[in-house]
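Participant: please find the sequence and the predicted model below.
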Amino acid sequence: MKIIWRLLAVILAVFILPTLVSAGLWVARDHPKGWRDADWSSTGLLPEASTAPEPAIYVFSAMTGGLKGAVASHAWIVTKARNGEYKRYDKVGWGNPIRLNNYPADGRWYSNMPRQVLKIEGADAERLIPKVEAAIKSYPYARPGGYRIYPGPNSNTFVAHVLRQVPELGTVLPSDAVGRDYLPEGGFYALDEDGRDLHLSLGGYAGLSVGARSGFEVNFLGLVAGLDFSKPALKVPGFGPIGF
């Protein structure tokens, strides 16, 4: 019984309390009433495509709408060929789930400012864009009905799939990207293509990730706690990475 009580105390301290604090801070802020009232416009984070001829790859993430925005973000991928236009790829919960250019490449999400998770430009981007687009095409939940908000497969499951398939991108989604730990076909484990990150998952409800990009992470009901060693930070449920 002592072991059980200690485990419950750890869950409360590490996962539940930070989430409740985050939710309280979130509720105290002003938010749009719904989808129609939200601001989805460009933030100006990216230059006009006509003034930026270099190829590029970006990953953005922004907190989502409603109460779930207290703990969960939405991620998307942007590619740009040399002298080309931006292509933004999102996964959504209706119709054909993988959408191209439904929103501005650097647009707000439910009025929330996006964070730039990844930026690769020049020759490296030109080399990796075909791999990224091949990974997008290989995503196993791209047909209508292939979306489930929790625990996945959702928008973050889609972007996480691409990052695992193209480890040269060199990053993982923020720890508040709920759904990123749902593995294809509900699998128990996944090893990134270069073998440097291992992911264990119980259907997306609980799991563990460890490796060069993931650091050390524990997932409990979609909430992630852990350590980032490459960019030293503490990963706190409800708050995401907090740098040292």
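Facilitator: Looks like it arrived, so ask away. Numbering: from 1, shown residues only.
Participant: thinking D106 is in contact with F60, fair?
Facilitator: Yes: at 6.9 Å, D106 and F60 qualify as touching, with contact defined as Cβ atoms under 8 Å. The C-beta positions use only the backbone N, C-alpha and C, and glycine is treated the same way.
Participant: need the next SSE after the biggest helix by length in the chain, C-terminal direction.
Facilitator: Longest helix in the chain by number of residues, with DSSP state H as the criterion: helix 123-137. Downstream of helix 123-137, the next assigned helix or strand under DSSP states H and E is helix 155-165.
Participant: quick check, distance from that next one to the centre of its chain.
Facilitator: In terms of Cα atoms, centre = their mean, to the nearest Å, the centre of helix 155-165 is set 8 Å apart from its chain centre.
Participant: direction included, what does whichever helix or strand comes after that helix pair up with?
Facilitator: Using DSSP H and E, the helix or strand that follows helix 155-165 towards the C-terminus is strand 189-191. Partners of strand 189-191 in the sheet, by DSSP bridges, are strand 197-201 (antiparallel).
Participant: tell me the buried residues in the strand it pairs with?
Facilitator: For strand 197-201, burial by neighbour count (16 or more other Cβ atoms under 10 Å) applies to 197, 199-201.
Participant: the next helix or strand after that strand packs against which elements?
Facilitator: Going down the chain from strand 197-201, the next helix or strand is strand 206-211, by DSSP H and E. Judged by 3 or more Cβ pairs under 8 Å, 6 or more residues apart in numbering; DSSP states H and E, strand 206-211 is in contact with strand 197-201, strand 215-220.
Participant: for W35, find the nearest of these.
Facilitator: strand 215-220 (28.0 Å; Cβ to Cβ).
Participant: pull the distance from the helix or strand just after the closest one to the chain's centre.
Facilitator: Once strand 215-220 ends, the next helix or strand along the chain (criterion: DSSP H and E) is strand 223-228. Strand 223-228 sits 14 Å away from the centroid of its parent chain (Cα atoms, centre = their mean).
Participant: what of stretch 97-108?
Facilitator: 15 Å.
Participant: so for it, what's the average pLDDT?
Facilitator: Stretch 97-108 comes out with an average pLDDT of 96.
Participant: can you list the buried residues in it?
Facilitator: In stretch 97-108, counting by 16+ other Cβ under 10 Å, buried: 97-99, 103-108.
Participant: put the alpha carbons of that stretch into PDB.
Facilitator: Output in PDB follows, covering the C-alpha atoms of stretch 97-108 (Å, rounded to 0.1, in the frame of the first residue of the first chain):
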ATOM      1  CA  PRO A  97      -7.800  15.000 -42.500                       C
ATOM      2  CA  ILE A  98      -4.600  16.200 -44.100                       C
ATOM      3  CA  ARG A  99      -5.100  19.700 -45.300                       C
ATOM      4  CA  LEU A 100      -2.900  21.800 -47.600                       C
ATOM      5  CA  ASN A 101      -2.800  25.600 -47.200                       C
ATOM      6  CA  ASN A 102      -6.100  25.900 -45.300                       C
ATOM      7  CA  TYR A 103      -4.500  28.600 -43.200                       C
ATOM      8  CA  PRO A 104      -1.500  31.000 -43.600                       C
ATOM      9  CA  ALA A 105       1.800  29.300 -43.200                       C
ATOM     10  CA  ASP A 106       2.600  31.300 -40.100                       C
ATOM     11  CA  GLY A 107      -1.000  31.900 -39.000                       C
ATOM     12  CA  ARG A 108      -2.400  32.100 -35.500                       C
END
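Participant: hang on, the earlier thing: just put the helices and strands packed on strand 206-211 in JSON lines and tack on mean pLDDT and distance to M1.
Facilitator: Below are these laid out as JSON lines (pLDDT from 0 to 100; distance: least, Cβ to Cβ, whole Å):
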{"stretch": "strand 197-201", "mean pLDDT": "94", "distance to M1": "27"}
{"stretch": "strand 215-220", "mean pLDDT": "95", "distance to M1": "21"}
